[in-house]
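Novice: fold the following for me, if possible:
(one chain, ligands or ions: 1)
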Amino acid sequence: MSELLYDFGSGRSDPETFPTEALKAAAMKVLDEQSDEINNYPGSLGHLGMRQAMAQREATRESVAVDPDHLILTNGSMQAVTLTAEVLMDYPGDSVILEEFSYPGTLSAYRSLKYNMVGIKLDEGGMRIDHLEEQLHRLNSEGKLPKFIYAISTYQNPTGFVMPKARRLEMIELARKYDVPIVEDNCYADVHYEGPEEPAIYALDDDANHIYLCSLSKILAPGLRLGYILARPPMLDKILARRHDAGSNYLAAAIVAEFYKDGIGNHADVANAALKTKRDLTLYGLQEYLDDVCVWSKPVGGLFIWVRIPDDVDRQKLQELTLQRGFNYLLGSSFHYQDKDVPYLRLAFGHLNARQIEEGIPVLAQCIREARTSNEARQFDSLFMA
Ligand SMILES: Cc1ncc(COP(=O)(O)O)c(C=O)c1O
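Specialist: Have a look, this model is predicted:
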């Protein structure tokens, strides 16, 4: 492969807005003041100040009270994804319902735990409720109700879609009818650019079975490996009982708690303004160079644009061409719950600079055109296949 010039592959935030100086100051303070605690094990819930800061984050966004003692700090939200899936499984082969395109880390965890994944079709409002209902009905009549529904309802990975409140309420209703918990993965919630913000499922329903997951990776940095689970007892206790890693990184949590002691708002505003500019540049490039060939999502938050490419693109050749020219993206199949080879690709715009985006999108456009077997205009207007 040639040098990686345009890395639209991984969902990372903007490196330019990483608050190095403020974190240095926070680290010095924490090392001066909390060395006794750092010299101890952190307990299963983790650093109290960080839990309070994250409870405040949730309470401010969702306008509901959040108890810091119902919040478990984890090693990124990926640990939370895996831990909750372990807790909710009885036997290998149990079913889980999720969006038909979902986060590859989750798919990989569920595959290795041997969950039977049932994918629900998506539209611009996220998981389609008609399909969800059909699948719950089918699984119920087969005596195989899923152990839980996993949903990335806000700025979904990979599509960027947001589920409207009315649909969230319908999902909650169905979950209640079939007595199936919802695991809500909300790690992009604060990466918001414009328009109304939809409420989290946990803020709409206080069912003690639902579990909420969030992260610091998308608003600050993934290298911190900080995420968390919100759950109410007795679910909270079940999760804690499955935890065998002696807690999460206390030092990282202490530094971030100090950094966010007055709320996440100031830093989120700066980071989101930078990300929005990149989203706009990416959308502009797609419009300029691929309008006659592809269709894509226009996310109002999050880090991704989901692109549908014509069926006549040789996807293997496209990968080869892009790699030769230093362009990286993720294949549609990486997100499909059954690993199906689908005519989509995901562009993650957060980590690149403006020049890389402006130069990169024409490179992708040229590769797509060269990988096609025809010159016809696209035959579809929708992002979704019938
Ligand atoms: C939907 C979703 N959940 C969880 C994660 C894991 O994030 P982390 O473990 O860095 O918090 C990601 C990362 O991309 C994601 O997109």
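Novice: biggest helix in this structure by residues?
Specialist: Identified as the longest helix of the chain according to DSSP state H is helix 265-290.
Novice: now that one: how far from the chain's centre is it?
Specialist: Centroid separation between helix 265-290 and its chain, computed with C-alpha atoms, centre = their mean, to the nearest Å, is 17 Å.
Novice: show me which residues of the chain are close to the ligand?
Specialist: The chain comes close to the ligand at residues 11, 76-78, 81, 103, 105, 152, 157, 185, 187, 215, 217, 222, 227, as judged by C-beta under 6 Å from any ligand atom. Placement of C-beta: from N, CA and C, glycine included.
Novice: switch the cut-off to 5 Å
Specialist: Within the chain, the positions lying close to the ligand (C-beta under 5 Å from any ligand atom) are 11, 76-78, 103, 152, 157, 185, 187, 215, 217, 222, 227.
Novice: contact partners for residue 159?
Specialist: Residues near residue 159 by C-beta atoms under 8 Å, 6 or more residues apart in numbering: 101, 122, 126, 297, 299, 304, 306, 383.
Novice: partners of the following helix or strand past the longest helix of the chain in the sheet?
Specialist: If you walk from helix 265-290 toward the C-terminus, the next helix or strand you reach (DSSP states H and E) is strand 295-296. According to DSSP bridges, strand 295-296 forms sheet pairs with strand 304-308 (antiparallel).
Novice: now do the strand it pairs with against helix 265-290: the angle between them, please.
Specialist: 20 degrees (axes from the mean of the first three to the mean of the last three C-alpha atoms, to 10 degrees).
Novice: residue numbering should commence at 20 henceforth.
Specialist: In the new numbering, first residue 20, that becomes strand 323-327.
Novice: what lies in contact with the following helix or strand past strand 323-327?
Specialist: Counting by DSSP H and E, the next helix or strand C-terminal to strand 323-327 is helix 334-343. Residues from elsewhere that reach helix 334-343 (C-beta under 8 Å, 6+ apart): 20-21, 328, 347-348, 350, 360, 362, 382-383, 386-387, 389-390.
Novice: how about 7 Å then?
Specialist: If you take C-beta atoms under 7 Å, 6 or more residues apart in numbering as the criterion, helix 334-343 is touched by 20, 21, 348, 360, 383, 386, 387, 389, 390.
Novice: and if you look at stretch 63-73?
Specialist: So stretch 63-73 is in contact with 87-88, 90-92, 247, 259, 262, 266-267, 269, 272-273, 275-276, 279-280, going by C-beta under 7 Å, 6+ apart.
Novice: before we move on, back to that, of the contacts of helix 334-343, closest to the ligand?
Specialist: Checking these against the ligand by C-beta to the nearest ligand atom gives residue 348 as the nearest, at 14.9 Å.
Novice: and the gap between that closest one and residue 141?
Specialist: Residue 348 sits 19 Å away from residue 141, taking C-beta to C-beta, to the nearest Å as the criterion.
Novice: on that earlier part again, quick one: buried ones out of the contacts of helix 334-343?
Specialist: 348, 383, 386, 387, 390 (16 or more other C-beta atoms under 10 Å).
Novice: most proximal residue of the protein with respect to the ligand?
Specialist: Counting by C-beta to the nearest ligand atom, the chain gets nearest to the ligand through residue 95 (2.6 Å).
Novice: got a list of what that residue touches?
Specialist: Here residue 95 is in contact with 234, 236, 241, 244, 245, 246 (C-beta under 7 Å, 6+ apart).
Novice: now neighbour count, distance to residue 161 and pLDDT too, for the residues you listed, in CSV please.
Specialist: Conversion of the contacts of residue 95 to CSV gives the following (neighbours: other C-beta atoms under 10 Å; distance: C-beta to C-beta, whole Å; pLDDT from 0 to 100):
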residue, neighbour count, distance to residue 161, pLDDT
234, 25, 35, 98
236, 21, 37, 97
241, 18, 39, 96
244, 18, 39, 97
245, 28, 40, 98
246, 26, 34, 98
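Novice: need those residues in TSV (columns: distance to residue 25).
Specialist: Shown next, in TSV, are those (distance: C-beta to C-beta, whole Å):
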residue	distance to residue 25
234	25
236	22
241	20
244	27
245	29
246	28
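Novice: need those in CSV (columns: secondary structure and distance to residue 398).
Specialist: Putting the contacts of residue 95 into CSV (DSSP: H, G, I helix; E, B strand; the rest coil; distance: C-beta to C-beta, whole Å) gives the following:
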residue, secondary structure, distance to residue 398
234, strand, 39
236, coil, 38
241, helix, 39
244, coil, 45
245, strand, 45
246, strand, 42
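Novice: now do the strands in the stretch 70-219 of the chain.
Specialist: Applying DSSP state E, counting those that start in this stretch to the stretch 70-219 of the chain gives strands spanning 90-94, 114-118, 135-139, 141-142, 145-146, 168-170, 201-204.
Novice: reformat those as TSV; add mean pLDDT and distance to residue 26.
Specialist: Listed next are the strands of the stretch 70-219 of the chain as TSV, based on pLDDT from 0 to 100; distance: least, C-beta to C-beta, whole Å:
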stretch	mean pLDDT	distance to residue 26
strand 90-94	98	24
strand 114-118	98	25
strand 135-139	98	28
strand 141-142	96	26
strand 145-146	96	27
strand 168-170	98	27
strand 201-204	98	24
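Novice: and stretch 78-90, which residues are buried?
Specialist: 80, 81, 85, 87, 89, 90.
Novice: residues contacting the fifth one?
Specialist: Okay, so that is residue 89. 249, 250, 251, 255.
Novice: how about low-confidence regions in the protein?
Specialist: Counting by pLDDT under 70, the ranges of the chain that qualify are 20.
Novice: neighbours of residue 259, how many?
Specialist: 17 (other C-beta atoms under 10 Å).
Novice: which element is it on?
Specialist: Counting by DSSP H and E, residue 259 is part of helix 254-260.
Novice: tell me what angle whatever helix or strand comes next after that helix forms with helix 284-309.
Specialist: Remark: after helix 254-260, the chain's next helix or strand is helix 269-278, criterion DSSP H and E. When the same axes, to 10 degrees is applied, the directions of helix 269-278 and helix 284-309 differ by 100 degrees.
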